[in-house]
Structure formats: C-alpha cells, structure tokens
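Novice: Take this sequence and fold it.
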Amino acid sequence: MQYMLLIYTPADTPRDASTYGAYMAFTEELQASGQMVAGDGLEGIDAATTVRVRDDETLLTDGPFAETKEMLAGYYLVDVPDLDTALGWAAKIPGAAFGSIEVRPVMVYDRV
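Specialist: Take a look at the predicted model:
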C-alpha cells in the first residue's frame, strides 16, 4: 500500500543546516529501506498561489487558501506493507518533533 506522509511545520520555522542534515539522514534511511517512492520539500507559503474556479471564472489568490500558523512543508510517498509501517516512518521524520505529520493512504482506483 502507498501512503502519503504530509509534513506540517509552523510557518515561522527556520530552514537551517541542522534541519537539512536531519532530513537528509532520514531520506537516506528511507531510500535504503526500498520503501520510498518519492519525496520533496516545498517552498514557503509566500511562494504559493491558490486557484479556484467559480462560475467559469478563474480566481487567483497569493498564498494558501486560509491563513494558517502551520504550512505544508513537504511530503514523502512510501510503499509499505501496512499502516503501522507508515506510522513508524512518520514518527522518524525530523519535523514530527516540532510540527505534525499527516499519514493518508493513497486512493486506489479500480481499472475497468
């Protein structure tokens, strides 16, 4: 099963060398396990644009849809045998110490 591990951190969390090093070590461990499918960090909320279409009109808003104290900072996509394994990896993500990690199964669509 595939799970998305969504990394939420306080919007004012500095991105420094110690945090970067911790994430690189975690990423290397996850890659070595053979369970990492993908993963990336995201730029800050000041680089975001929200798109909505209402009555055939495209509306653009700078930043996230709602004002927030936490931001989606990145993600890992893992392919693991079960939820418990996904939760174990989520607990090892460095951001879990000061933010939160949302674990969600990837939806599987049946092919017709």
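
Novice: neighbouring contacts of stretch 58-74?
Specialist: Here stretch 58-74 makes contact (Cβ atoms under 8 Å, 6 or more residues apart in numbering) with 6-11, 13, 39-42, 44-46, 48-53, 95, 99-100. Bear in mind the C-beta positions are built from the backbone N, C-alpha and C, glycine included.

Novice: rerun at 10 Å
Specialist: Contacts to stretch 58-74, defined as Cβ atoms under 10 Å, 6 or more residues apart in numbering, come from residues 5-13, 15, 23, 39-53, 93, 95, 99-100, 102.

Novice: ranges for the helices of this protein?
Specialist: Using DSSP state H, the helices of the chain run over residues 17-33, 83-92.

Novice: looking at those, which is closest to Met1?
Specialist: Met1 lies closest to helix 83-92 among the helices of the chain, at 7.7 Å (Cβ to Cβ).

Novice: That closest one packs against which elements?
Specialist: Under the contact criterion of 3 or more Cβ pairs under 10 Å, 6 or more residues apart in numbering; DSSP states H and E, helix 83-92 touches strand 2-10, helix 17-33, strand 70-79, strand 100-105.

Novice: starting at the chain centroid, how far to the first one?
Specialist: In this view, strand 2-10 has its centroid 3 Å away from the chain centroid, taken as Cα atoms, centre = their mean, to the nearest Å.

Novice: Could you give the average pLDDT over stretch 90-97?
Specialist: Per-residue pLDDT over stretch 90-97 has a mean of 96.

Novice: Skipping adjacent residues, who's closest to Gly95 in space?
Specialist: The shortest distance from Gly95 to any non-neighbouring residue, by Cβ to Cβ, 6 or more residues apart in numbering, is to Ile7 (4.7 Å).
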